[in-house]
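model the following, please.
(2 chains)
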Amino acid sequence: MNWQTDLIQISGFFYKIWLITKKRTYHIFEILFWPAIGLVSVGLLTRFLSLSSEMVAFILIGVIALSVVQIGQLDMSYLILYSIWNKSLKHEMAAPVGVSHIIVGTWTMGVVHSVLVFALLSFFSERAFGFRFVDAGLLPLILFFLGLSLTSAVVGILVCALAFRFGGRSHVAANSVVSVLALLSGIYYPVSVLPDPVRAVSVIIPLTYFLEYFRSFFGFAPSGAHPLLTGYALVLAYLILACLALAYSIHHSQKSGIILRMSE
Amino acid sequence: MESSSERDLPGSKTGMHPAVEIRGIEKIYPSTGRTASIHALKGIDLTIERGTIFCVLGPNGAGKTTLISILAGLILPDAGEGRIWGLNLLKQRRRIRAVVNFASGQANLPDNFTSDEILNYFGMLYGLPKKERRRKTEELIVFFELDRHRKVPFNQLSTGLKQRLALAKSLVNDPAILFLDEPTGRLDPAVAQLIRSRLIQWRKVHDTTIILTTHQMDEADQLSDRIAFLKEGRIIRVGGADDLKQSIAFQQRLIIEGRNLDGPARIIEELEGFAIVEAEEGRLICRMDSGVDSLNSILEKLLTAGAVLENLEVTKPTLGDVFIELANRSDSD
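Below is the predicted model of the structure:
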């Protein structure tokens, strides 16, 4: 196998997600419609509550971050779930592809979709609620976005790992993991308001630190000294663990024969 | 082309390795809580030469799909070793997957993708460059007569067209070994015959080794160079179709049609070397262990017993007879 072949195989998974997006209206809704509805609803709530511009920034950063993570992971999750629903998984796994092809191919499309959502929601938030993301500066914005995208990769890979273990039922995880992250990482509030045992969990979630980092540019002091470094260290560690979990799940599905049952 | 270069590596078509060489392959599916564990393969030894069409026959649950799935690199064996196209079955599975391909009778491919998109997608998974993918897609679309349906989503194709597309997909990387799991099982005879003829044609041109499972005995007879009979996870017989037919206990099949056959039926059952395998109103199908010479004596007994004969037919055993005999044979036989 050479790198050109690897590139073609990676683009194969990118191509599949692109076809799914193009052909499934529901997927387009998930990517664009619901995040926009979420942002407008929460934005209007901040107006109703007459929140200060800083508090509006605090909330909208959370809303957009949540959408980016959710959309980024959906593409990865759907690659495997769609194959399971179509019972075509064994044909794809019979090809000479590995975990890295699946992850890079789907994550790349996840990033493309996330950029689209990020741009759309940023435009909305500026026009409708006067909040400008770019005020934090281009580099912090890129670092924040990259952190969110890596977080979405961790979630997406974990859902894929669950799918190889538990089949189509794992779609529940695709929809609920991000909601749990929203609860624990302080999407709509600072984690300091969480009860102590829950806060202990929030400190091991990278999203907590990426939010603290970006909100620091809008007047909210982070709880630790290096939120960005901590966030990246955690997300990279989880990324490695998630890849190992996916590799193990694929191995287990081949050892136990689940992969055949999922294709019948 | 990547797949071609892989084919040239350890086991090129001019190389010395057989297409498949496995020893002591075992597979146990673990208990799932609701089902007990299943010992699907119990020490399979098998050698398949290059360029042959090799058929695996056996009753349901014999382990055919498991065997073919292990050989195609889809699932892992629990014990044993082997080489596929000269590559280590356990350590070089990705490289094996690059030189083989797979299709099954359950043609499940991405639902709303068209034929063009499916072939393009799988071409990418096998690492074919764009030009090569286009050429291959055209070749396979024409070869399997899918031209009029190339823009139709998979879930709107008929069963026969789906199966043709699944086979086209399985040839997208020009595989050295093609694994087919009951490829015509759900098809009407005309489409099944079309697919068989295409496979023969493809093998002639590309010298592809084809390994298939089937329940269609005529298909096995028509296609196979060699056949293995699998039962309860073990290979109990390997050979050419003619060898297998000669290897079973009976030599002839006698079909008697007429009236008043009930009495004669009892007489036949008592004769040594004769057995009734099927009896219905006005028709008996018997197996004869002896040759045609003993026909005279049986005819005499039939007429003496009052049978009115309308038709008599003596035929050679079929592969179906071999299947029934081997499937019904107890382990101690």
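
how about the contacts made by the residue of chain A with the smallest separation from chain B?
Per Cβ to the nearest Cβ, residue A:12 is where chain A lies closest to chain B, at 3.1 Å. No exception for glycine: its C-beta is placed from N, CA and C like everyone else's. By Cβ atoms under 8 Å, 6 or more residues apart in numbering or on different chains, residue A:12 lies in contact with A:97, A:101, A:105, B:121-122, B:124-125.

make JSON lines out of the residues you listed and add pLDDT, distance to residue B:295 and secondary structure.
Listed next are these as JSON lines, based on pLDDT from 0 to 100; distance: Cβ to Cβ, whole Å; DSSP: H, G, I helix; E, B strand; the rest coil:
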{"residue": "A:97", "pLDDT": "94", "distance to residue B:295": "62", "secondary structure": "coil"}
{"residue": "A:101", "pLDDT": "93", "distance to residue B:295": "66", "secondary structure": "helix"}
{"residue": "A:105", "pLDDT": "93", "distance to residue B:295": "69", "secondary structure": "helix"}
{"residue": "B:121", "pLDDT": "96", "distance to residue B:295": "61", "secondary structure": "helix"}
{"residue": "B:122", "pLDDT": "97", "distance to residue B:295": "56", "secondary structure": "helix"}
{"residue": "B:124", "pLDDT": "97", "distance to residue B:295": "63", "secondary structure": "helix"}
{"residue": "B:125", "pLDDT": "96", "distance to residue B:295": "60", "secondary structure": "helix"}
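
give me the pLDDT for the residue of chain A closest to chain B.
On the pLDDT scale, residue A:12 is placed at 95.

tell me if it really is in a strand.
No - per DSSP: H, G, I helix; E, B strand; the rest coil, residue A:12 lies outside any strand segment and is helix.

got any ranges where the chain has weak pLDDT?
Just so you know, I chose chain A. Residues of chain A that meet the criterion pLDDT under 70 lie in A:1.

ah, no, chain B please
Within chain B, the stretches with pLDDT under 70 are B:1-15, B:249-251, B:290-293, B:329-333.

tell me where it has strands.
B:20-29, B:38-48, B:53-57, B:79-84, B:87-88, B:100-104, B:177-181, B:209-213, B:226-231, B:234-239, B:252-259, B:274-280, B:283-288, B:308-315 (DSSP state E).

got the ones you listed as JSON lines, with distance to chain A and mean neighbour count columns?
Output for those, formatted as JSON lines (distance: least, Cβ to the nearest Cβ, whole Å; neighbours: other Cβ atoms under 10 Å in any protein chain shown):
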{"stretch": "strand B:20-29", "distance to chain A": "5", "mean neighbour count": "20"}
{"stretch": "strand B:38-48", "distance to chain A": "8", "mean neighbour count": "19"}
{"stretch": "strand B:53-57", "distance to chain A": "16", "mean neighbour count": "25"}
{"stretch": "strand B:79-84", "distance to chain A": "12", "mean neighbour count": "20"}
{"stretch": "strand B:87-88", "distance to chain A": "11", "mean neighbour count": "18"}
{"stretch": "strand B:100-104", "distance to chain A": "5", "mean neighbour count": "26"}
{"stretch": "strand B:177-181", "distance to chain A": "9", "mean neighbour count": "25"}
{"stretch": "strand B:209-213", "distance to chain A": "13", "mean neighbour count": "25"}
{"stretch": "strand B:226-231", "distance to chain A": "17", "mean neighbour count": "22"}
{"stretch": "strand B:234-239", "distance to chain A": "19", "mean neighbour count": "17"}
{"stretch": "strand B:252-259", "distance to chain A": "36", "mean neighbour count": "17"}
{"stretch": "strand B:274-280", "distance to chain A": "33", "mean neighbour count": "14"}
{"stretch": "strand B:283-288", "distance to chain A": "35", "mean neighbour count": "19"}
{"stretch": "strand B:308-315", "distance to chain A": "37", "mean neighbour count": "12"}
